[in-house]
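Q: My questions are about this predicted structure, shown below with the sequence.
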Amino acid sequence: DGGITQSPKYLFRKEGQNVTLSCEQNLNHDAMYWYRQDPGQGLRLIYYSQIVNDFQKGDIAEGYSVSREKKESFPLTVTSAQKNPTAFYLCASKSTPGANVLTFGAGSRLTVL
Amino acid sequence: KQEVTQIPAALSVPEGENLVLNCSFTDSAIYNLQWFRQDPGKGLTSLLLIQSSQREQTSGRLNASLDKSSGRSTLYIAASQPGDSATYLCAVIAGYALNFGKGTSLLVTP
């Protein structure tokens, strides 16, 4: 079945550690996105990528980094510079700009201890 | 910057009622609008996508309308069921930029 796989589902991190969240899609989509979701705040865009080897910052990119070496993969690293990393992280993809459905993964919940 | 607002923030209705969720946006230059459902601790599931040239889309008991000129979309749920309890989000899409509302938390009581 086509879809987006995020891993791990739950992750605990000590302060000062970098962690990487995985996002893999087999939908042959060009564009991929990372969102952060906090209670009562809706979804905020961290980074997005329109094509392999290219990505742009979203509204809250500070403390995060991404790479897009393969079309199927868009990993997100939460660095120690991110001051409040505890949140629910969602990866999404769609084929092209315009009238195409945005598809989401199941999410990864990061908790900083 | 596109601002997306969803009203109400929370809604509780008895089973069987018809209900309307609202989504408003400030910039009418959009490609399309998408409604999602999110269950607690889960990802988002797409419900309906309305292209900018369309005025409504229907899927089963769900009907979504779009009025670009007034910057509004509504999601109509007919004959609500307890299984409809979830958070409903709308997203306004213009090119690669997507802007989400904060969602409406719906509770349908038996």
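A: Sure thing, it's come through. Computed from a predicted structure; not experimentally measured.

Q: how close does whatever residue of chain B ends up closest to chain A get to A:Lys57?
A: Going by CB to the nearest CB, chain A is nearest to B:Lys102 of chain B, at 3.8 Å. Backbone N, C-alpha and C define where each C-beta goes, glycine included. In this view, B:Lys102 and A:Lys57 are 22 Å apart by CB to CB, to the nearest Å.

Q: higher neighbour count, these two?
A: Counted by other CB atoms under 10 Å in any protein chain shown, B:Lys102 and A:Lys57 do not tie: B:Lys102 has more neighbours, with 17 against 13.

Q: tell me the SS of that one?
A: Counting by DSSP: H, G, I helix; E, B strand; the rest coil, the backbone at B:Lys102 sits in coil.

Q: That one reaches B:Ala10, doesn't it?
A: No - judged on CB atoms under 8 Å, B:Lys102 makes no contact with B:Ala10 at a distance of 10.8 Å.

Q: how far is the worst-scoring helix or strand of chain B on mean pLDDT from where the chain is centred?
A: Least confident helix or strand of chain B, by mean pLDDT, DSSP states H and E, is strand B:97-100 with a mean of 84. Between the centre of strand B:97-100 and the centre of its host chain there is 13 Å, according to CA atoms, centre = their mean, to the nearest Å.

Q: Give the other helices and strands that the next helix-or-strand element following it contacts.
A: The C-terminal neighbour of strand B:97-100 among helices and strands, as given by DSSP states H and E, is strand B:104-109. On a contact count with 3 or more CB pairs under 8 Å, 6 or more residues apart in numbering or on different chains; DSSP states H and E, strand B:104-109 meets strand B:10-14, strand B:19-25, strand B:86-94.

Q: rerun at 7 Å
A: Judged by 3 or more CB pairs under 7 Å, 6 or more residues apart in numbering or on different chains; DSSP states H and E, strand B:104-109 is in contact with strand B:10-14, strand B:86-94.

Q: touching chain B at all, the longest strand belonging to chain A?
A: Ordering each strand of chain A by length in residues (DSSP state E) puts strand A:42-51 first. Yes - shown here: strand A:42-51 in contact with chain B (CB under 7 Å from any CB of the partner chain) through A:Gly42, A:Leu43, A:Tyr48, A:Gln50.

Q: which of those residues sit farthest apart?
A: Maximum pairwise distance in the residues of strand A:42-51 next to chain B, criterion CB to CB, is 22.8 Å, between A:Gly42 and A:Gln50.

Q: quick one: which of those two has more around it?
A: Neighbours per residue (other CB under 10 Å) separate A:Gly42 from A:Gln50, with A:Gly42 holding more: 19 against 16.

Q: thinking the more buried one is in contact with B:Asn99, fair?
A: No - between A:Gly42 and B:Asn99 there is no contact under CB atoms under 7 Å: 9.2 Å.

Q: pretty sure B:Pro82 contacts B:Leu107?
A: No - using CB under 7 Å, B:Pro82 is not in contact with B:Leu107; the gap is 8.7 Å.

Q: list the contacts for the closest residue to chain B within chain A?
A: Residue of chain A nearest chain B, by CB to the nearest CB: A:Gly42 (3.8 Å). By CB atoms under 7 Å, 6 or more residues apart in numbering or on different chains, the contact set of A:Gly42 is B:Phe100, B:Gly101, B:Lys102, B:Gly103.

Q: What of B:Trp35?
A: Here B:Trp35 is in contact with B:Leu47, B:Leu48, B:Ala64, B:Leu75, B:Tyr88, B:Cys90 (CB under 7 Å, 6+ apart).
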